[in-house]
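**Student:** Curious how this folds, go ahead:
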Amino acid sequence: MARTLPQLGDEAVTFFALAMADHVSALQAPSPSTPSAMIPVYAKPPADKRRRKSPGARPGHAGTRRPTPPVIDDRKEHRLAACPHCHGQLQRCKRTRTRITEDIPEQIQPQVTEHTIHRDYCPICDKHVEPVVPDAMPNATLGHHVIALSSWFHYGLGISIGQVRDILAGHLHTRISAGGLLDGWRRLAEALSPWYQQIEQEAKAGAVLHADETGWRVDGMTYWLWCFANHRTCFYMIDQSRGSPALQKFFVEAYQGTLVTDFWAAYESIEAADRQKCIPHLLRELIKVDEHNTSMQWKGFARQLRRLLKDGLKLRKRPDFTRERYANRIRLIHRRLCALADASYIDADTKRLGQRLSKHRDELFTFLDTAGVPPDNNHAERQIRPAVIMRKNQLGNRSEQGAATQATLMSIYRTLRLRGHDPTKTIAAALRELLQSGKLPPLPDEVVAGG
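**Tutor:** Reported below is the predicted structural model:
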């Protein structure tokens, strides 16, 4: 065929080249089920810049403003000597008004402490003993607050190492090398490793667990950052696998709660008591397929599936919703789902999604049958978003040890924030207790509002 093309003329060669180019571009185009992290940035469509809703609180809601500080540290009086407009003499009045401002002093100096450690001899033990200095780790020159604050900047807020050094050296007048920071953070992660293990165990023991994953880089190699979270814990794990081997490291035993995930096939290898698939993922895929599929079968299928999903969401949002009150409607929704899943289709996209409905028919409306289960995986996506921002700023880790430190400290910081604790103060207090008693205190529980 290639030898006969030139004999057919230039138009035939041009037509064949254009047809092959279209075929190659269609093969290289990502499918609707391709994860967003696997699609290059230049291949993604531009984001919709239109604002979906007006900024600020809803009409009728009380305004939010900065509360008045409970303590006034300094007071100043301001009075004009002359009129600022005509420079004439002013007639003094007794009218005044107050204005409160808050600022950080320019000269913040680090506190340098010299510790005199007395060594005494114990005749029973036949050796010299000395007290422990609780303000810093052994053989360290930097205190707990500096290490906790700098690691919170890097692993909690996603600030790069160079920017952390600039903040410490510029305003806080504390100069630390990059190697000194990394070594301090590594030692901090090793000291807090019991908290990391506790977060893992509490995540597995939760009634509902959200799971998600995104790409990561370790020493230039492709790794994956896994996130397992609920309303009070957030556990990160960096592993080279995106499949069941990584999940088997976390789910050593069968999960007894409801596992909320997207439709990634690796999650099917986990034995769970119940599952909930993310409804917004399915709705977004319908929108993607609508962009290129105009067949009548697809339009009818998409319209019925979209209406079915939205009916389930509206039913769950009813203020008087209970499983017992709306049992008949829930059964009707399940029958509609089974009818869509069991039908036969010719269109490729319709057939593919029909098979997905058939496979996950018992996992789409779990939120209607089980209290406390959401219909989406938004919580895991919100918890993994800070890590995605860090990936853009930090470009991953340089070693396996750095990846382990990253996962440990990110898990601890996100969990402390979910539980309403100040990360730097909590960690500094825990390190002092560790040095004084030799045992790390348990991870603080969730702060109760008003208690």
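
**Student:** can we go C-alpha only for contacts and neighbour counts from here?
**Tutor:** Will do.

**Student:** Which parts of the stretch 301-450 of the chain are helices?
**Tutor:** For the stretch 301-450 of the chain, the helices defined by DSSP state H, counting those that start in this stretch occupy 327-342, 348-359, 366-369, 378-394, 400-418, 423-437.

**Student:** angle of the last one against helix 400-418?
**Tutor:** On the basis of axes from the mean of the first three to the mean of the last three C-alpha atoms, to 10 degrees, helix 423-437 is oriented at 110 degrees to helix 400-418.

**Student:** So for helix 423-437, mean pLDDT?
**Tutor:** Mean per-residue pLDDT for helix 423-437: 93.

**Student:** 731 is where my numbering starts, stick with that
**Tutor:** From this message on, residue numbering opens at 731, which makes the last subject helix 1153-1167.

**Student:** Report all helices and strands that it contacts.
**Tutor:** Contact partners of helix 1153-1167 among helices and strands, from 3 or more C-alpha pairs under 8 Å, 6 or more residues apart in numbering; DSSP states H and E: helix 874-881, helix 1130-1148.

**Student:** between those, which gets nearest to Ile906?
**Tutor:** helix 874-881 (10.0 Å; C-alpha to C-alpha).

**Student:** so what secondary structure elements neighbour the helix or strand where Met750 lies?
**Tutor:** Using DSSP states H and E, Met750 maps to helix 740-758. Packing contacts for helix 740-758, counted by 3+ C-alpha pairs under 8 Å, 6+ apart, involve helix 735-738.

**Student:** I'd like to know which elements the helix it packs on is packed against.
**Tutor:** Checking 3+ C-alpha pairs under 8 Å, 6+ apart, helix 735-738 ends up next to helix 740-758.

**Student:** can you give me phi and psi for Phe958?
**Tutor:** Dihedral pair for Phe958: phi -120, psi 120, per degrees, to the nearest 10.

**Student:** Ok, the one 3 residues further on next?
**Tutor:** Per-residue torsions, His961: phi -70, psi -10 (degrees, to the nearest 10).

**Student:** can you pull the contacts of the closest residue in space to it that isn't next to it in sequence?
**Tutor:** Spatial nearest neighbour of His961, excluding adjacent residues (C-alpha to C-alpha, 6 or more residues apart in numbering): Leu1148 at 7.0 Å. Contacts here follow C-alpha atoms under 8 Å, 6 or more residues apart in numbering; on that basis Leu1148 touches 961-963, 1176.

**Student:** So which of these wins on neighbours?
**Tutor:** Thr963 (25 neighbours; other C-alpha atoms under 10 Å).

**Student:** okay if I get the helices of the stretch 1031-1180 of the chain as CSV plus distance to Ile854?
**Tutor:** Output for the helices of the stretch 1031-1180 of the chain, formatted as CSV (distance: least, C-alpha to C-alpha, whole Å):
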stretch, distance to Ile854
helix 1057-1072, 75
helix 1078-1089, 72
helix 1096-1099, 66
helix 1108-1124, 53
helix 1130-1148, 41
helix 1153-1167, 22
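
**Student:** all strands in this structure, in order from the N-terminus.
**Tutor:** For the chain, applying DSSP state E gives strands covering 850-852, 857-859, 938-948, 951-959, 964-969, 985-991, 1002-1007.

**Student:** circling back: among the helices of the stretch 1031-1180 of the chain, which gets the worst mean confidence?
**Tutor:** Among the helices of the stretch 1031-1180 of the chain, helix 1108-1124 carries the lowest mean pLDDT (a mean of 90).

**Student:** mind listing what's buried in that one?
**Tutor:** By neighbour count, and taking 16 or more other C-alpha atoms under 10 Å as the criterion, the buried residues in helix 1108-1124 are 1108-1111, 1113-1114, 1116-1118, 1120-1121, 1124.

**Student:** could you check the angle strand 938-948 makes with it?
**Tutor:** 10 degrees.

**Student:** Now tell me what touches helix 1108-1124 from outside.
**Tutor:** With C-alpha under 8 Å, 6+ apart as the criterion, helix 1108-1124 contacts 885, 887-890, 940-944, 946, 957-960, 964, 1126, 1144.

**Student:** Taking their axis directions, it and strand 964-969 sit at what angle?
**Tutor:** Using the same axes, to 10 degrees, helix 1108-1124 lies at 50 degrees relative to strand 964-969.

**Student:** where's the nearest residue to Lys857 once chain neighbours are set aside relative to Val859, distance?
**Tutor:** Distances taken as C-alpha to C-alpha, 6+ apart put Tyr851 closest to Lys857, at 5.7 Å, once the chain neighbours are dropped. Distance of Tyr851 to Val859, computed by C-alpha to C-alpha, to the nearest Å: 6 Å.

**Student:** Now do the end-to-end distance for stretch 896-906.
**Tutor:** End-to-end distance (C-alpha to C-alpha), stretch 896-906: 9 Å.

**Student:** Quick check: buried residues in it?
**Tutor:** 896-898, 902, 904.
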